[in-house]
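J.: here is the input, now give the coordinates:
(2 chains)
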Amino acid sequence: MADGPTWKEYPMAATISEPGSATGQNTGDWRSERPVRNPEKCDKCGICWIYCPDAALFMDEEGFYEVDLYHCKGCGICARECGKDAIEMIEEGE
Amino acid sequence: MGERVGLEVSLAVSEAVKLARAEAVAAYPITPQTHIVEELAQMVADGDLDAEFVMVESEHSAMSACCGTSAVGARTFTATASQGLALMHEVLFIASGLRLPIVMAVANRALSAPLSIWGDQSDVMAERDCGWIQIFVETGQEAFDQTVCAFRIAEDPRVLTPMIVNIDGFTLSHVVEPLELESQEAIDGFLPPFSAQVVLDPDRPVTIGPVGFPELYTEIKKQQNEALLASHQVIVEVWKEWADSFGREYRPVESYRAEDAEVLINLAGAVAGTARVAVDEMREEGRKVGLVRTRLWRPYPFADMREAVGSAKAVAVVDRALSFGGPGGPMASELRGALYPLASPPVVAGFVAGLGGRDITVGDFRAMVDETEKIVSEGYTHEYRMHGVRE
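T.: As a prediction, the model looks like this:
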């Protein structure tokens, strides 16, 4: 049996009382593909950032959008929406 | 001392909800429950009840809205029956899983097909495992009393589990009975305002109903089941306090002339009145027959039931619901299960009767007791009988 809290130790009905607690959880570990940006094609428009359903993209110091692989689930929406075809989905493990 | 009135039982339930100061009602009308929420809508419209009345497009929405109002900390009530209860099905599990102490009256009615608006208990038996506390009442007074008690029980911090009060459709919901309505002051003294443990509040955000990964789902279900089992003690306490305040006593199982009985009748709901007449008749003839009425159905009152059955030779269980292809009506199956661990359990004879509004008469009870005695002397020949069916 897996280790972890007993039934008495969990909050009632598994209620989460800390807002945004998923930021501390590795919610992207079941991803099968990851987005890889081609900096030569990217014009920093931010469409990928707008469409990302998991807020897993963040702007780096140069204004490019980088992927937070801790939370990215590899859905591919960013690659699909990118007007410059600057994002490619690469299979994990490659 | 309350005010003695003659009142339709549905309206007595509405009065109880008003006196309980319900803060939210979301409901969709369906026979034979309609009068309850119709009256509540009138009370809200007239300014007699300070509650949000949420009109919805279905019972699925009604129960969903109830989850919302309960989650923001409002004392919440709804009522339904039959197809309406069936349509609520998935949300019933969410209400209990989220530990929202909603109170619901169910005016029990048969399920389609064929379409039947008449009474039996098939509707709630199909929701047996939804995690709600469930009781069956027999009289209008009990419907009134238990509706008030239900809020106390469901909202107790040790319980926080929704509760169904079952009221037989038509034979109870639509009859006018003499009963005592307690005063607002007395009810206020008995039932404090609802103090929710976890409240949806934009200023203090929480997540209720998150995904339950395999690592924790079992523990959360155990937690929920423990609360439901522990509610037995709270229920008994609340009923004791009600008796102290208002003089009317309630127990998980009600026995009538059962002490030295050789054959007991076990059933739930308003038909108990007819069964008592049958018991009296047979007692006058020297037959040792008694009645055990199931009031508390969930959590199942194992100890109370074993004690009530005592040393009887047989129990004739009369279910107003059919479990298709199963071992009998739900009450018979569960009583067999509860008595099986005993050293010498009594015969449990299962009868399915009173489906879709068919009467169960004194003669029917006599015939079922005869049949049960036959099983005692000759042994089981069948799992259960559909009593009175034309063959």
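
J.: now the strands for the stretch 151-300 of chain B?
T.: In the stretch 151-300 of chain B, strands defined by DSSP state E, counting those that start in this stretch lie at B:163-168, B:176-181, B:253-256, B:263-267, B:289-294, B:296-298, listed in chain order.

J.: in JSON lines: these, plus distance to chain A, mean pLDDT and mean neighbour count.
T.: The way it works is simple: take the backbone N, C-alpha and C, and place the C-beta from them, glycine included. Below are the strands of the stretch 151-300 of chain B laid out as JSON lines (distance: least, C-beta to the nearest C-beta, whole Å; pLDDT from 0 to 100; neighbours: other C-beta atoms under 10 Å in any protein chain shown):
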{"stretch": "strand B:163-168", "distance to chain A": "17", "mean pLDDT": "98", "mean neighbour count": "28"}
{"stretch": "strand B:176-181", "distance to chain A": "35", "mean pLDDT": "97", "mean neighbour count": "16"}
{"stretch": "strand B:253-256", "distance to chain A": "29", "mean pLDDT": "98", "mean neighbour count": "18"}
{"stretch": "strand B:263-267", "distance to chain A": "33", "mean pLDDT": "98", "mean neighbour count": "27"}
{"stretch": "strand B:289-294", "distance to chain A": "29", "mean pLDDT": "98", "mean neighbour count": "25"}
{"stretch": "strand B:296-298", "distance to chain A": "18", "mean pLDDT": "98", "mean neighbour count": "23"}
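
J.: which one of the ones you listed lies closest to residue B:220?
T.: Residue B:220 lies closest to strand B:296-298 among those, at 18.7 Å (C-beta to C-beta).

J.: contacts made by the closest one with the rest, please.
T.: For strand B:296-298, contacts defined as C-beta atoms under 8 Å, 6 or more residues apart in numbering or on different chains pick out B:128, B:132-136, B:166, B:228, B:232, B:235, B:252-253, B:268, B:304, B:331.

J.: mind listing which of the residues you listed are in helices?
T.: Taking DSSP state H, the ones among the contacts of strand B:296-298 that sit in helices are B:228, B:232, B:235, B:304, B:331.

J.: out of these, which one sits closest to chain A?
T.: Nearest to chain A, judged by C-beta to the nearest C-beta, of those is residue B:228 at 12.8 Å.

J.: quick one: residue A:93 and residue A:32, what's the gap?
T.: 9 Å (C-beta to C-beta, to the nearest Å).

J.: show me which of those two is the more surrounded one.
T.: residue A:32 (10 against 6; other C-beta atoms under 10 Å in any protein chain shown).

J.: wouldn't the more buried one be in contact with residue A:74 here?
T.: Yes. At 5.8 Å, residue A:32 counts as touching residue A:74 under the criterion of C-beta atoms under 8 Å.

J.: which neighbours do residue A:93 and residue A:32 share?
T.: The contact sets of residue A:93 and residue A:32 do not overlap (C-beta under 8 Å, 6+ apart).

J.: show me what from chain B comes close to chain A.
T.: Within chain B, the positions adjacent to chain A are B:97-99, B:160, B:197-198, B:205-210, B:212, B:215-216, B:218-220, B:222-224, B:226 by C-beta under 8 Å from any C-beta of the partner chain.

J.: change it to 7 Å
T.: Counting by C-beta under 7 Å from any C-beta of the partner chain, the residues of chain B lying close to chain A are B:97-99, B:160, B:197-198, B:205-208, B:210, B:212, B:215-216, B:219-220, B:222-223.

J.: so of those residues, which ones are in helices?
T.: Going by DSSP H, the helices hold B:97, B:215-216, B:219-220, B:222-223 from the residues of chain B next to chain A.

J.: filter those down to the buried ones.
T.: B:97, B:216, B:219-220, B:223 (16 or more other C-beta atoms under 10 Å in any protein chain shown).

J.: return the item of the residues you listed having minimum pLDDT.
T.: When those are compared by pLDDT, residue B:216 scores lowest at 94.

J.: contact distance from chain B - what residues of chain A qualify?
T.: A:2, A:4-7, A:10, A:12-17, A:19.

J.: who's in contact with residue B:108?
T.: B:81, B:119-121, B:123-124, B:166-169 (C-beta atoms under 7 Å, 6 or more residues apart in numbering or on different chains).

J.: if we go to 6 Å?
T.: B:119, B:121, B:123-124, B:166, B:168-169 (C-beta atoms under 6 Å, 6 or more residues apart in numbering or on different chains).

J.: ok, which stretches of chain A are strands?
T.: A:33-37, A:57-59, A:65-67, A:87-91 (DSSP state E).

J.: take the ones you listed and write them to CSV, including distance to residue B:368, mean neighbour count and mean pLDDT.
T.: Output for the strands of chain A, formatted as CSV (distance: least, C-beta to C-beta, whole Å; neighbours: other C-beta atoms under 10 Å in any protein chain shown; pLDDT from 0 to 100):
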stretch, distance to residue B:368, mean neighbour count, mean pLDDT
strand A:33-37, 66, 19, 96
strand A:57-59, 71, 15, 94
strand A:65-67, 71, 19, 94
strand A:87-91, 69, 15, 97
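
J.: save those strands as a markdown table, and put in distance to residue B:340 too.
T.: Shown next, in a markdown table, are the strands of chain A (distance: least, C-beta to C-beta, whole Å):
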| stretch | distance to residue B:340 |
| --- | --- |
| strand A:33-37 | 55 |
| strand A:57-59 | 61 |
| strand A:65-67 | 60 |
| strand A:87-91 | 56 |
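
J.: touching, residue B:271 and residue B:360? I think so.
T.: Yes. Residue B:271 lies in contact with residue B:360 (C-beta atoms under 6 Å); the separation is 5.2 Å.

J.: more neighbours: which of the two?
T.: residue B:271 (26 against 22).

J.: what separates that one from chain A, distance-wise?
T.: Taking C-beta to the nearest C-beta, to the nearest Å as the measure, residue B:271 falls 37 Å from chain A.

J.: tell me the contacts of that residue?
T.: Counted by C-beta under 6 Å, 6+ apart, residue B:271 has contacts residue B:360.

J.: over to the one 10 residues further on?
T.: Taking C-beta under 6 Å, 6+ apart as the contact definition, residue B:281 lies against nothing.

J.: quick check: closest non-adjacent residue to residue B:151.
T.: Spatial nearest neighbour of residue B:151, chain neighbours left out: residue B:20 (5.0 Å); criterion: C-beta to C-beta, 6 or more residues apart in numbering or on different chains.

J.: pretty sure that neighbour sits against residue B:148.
T.: Yes. Residue B:20 is in contact with residue B:148 according to C-beta under 6 Å; the separation is 5.4 Å.
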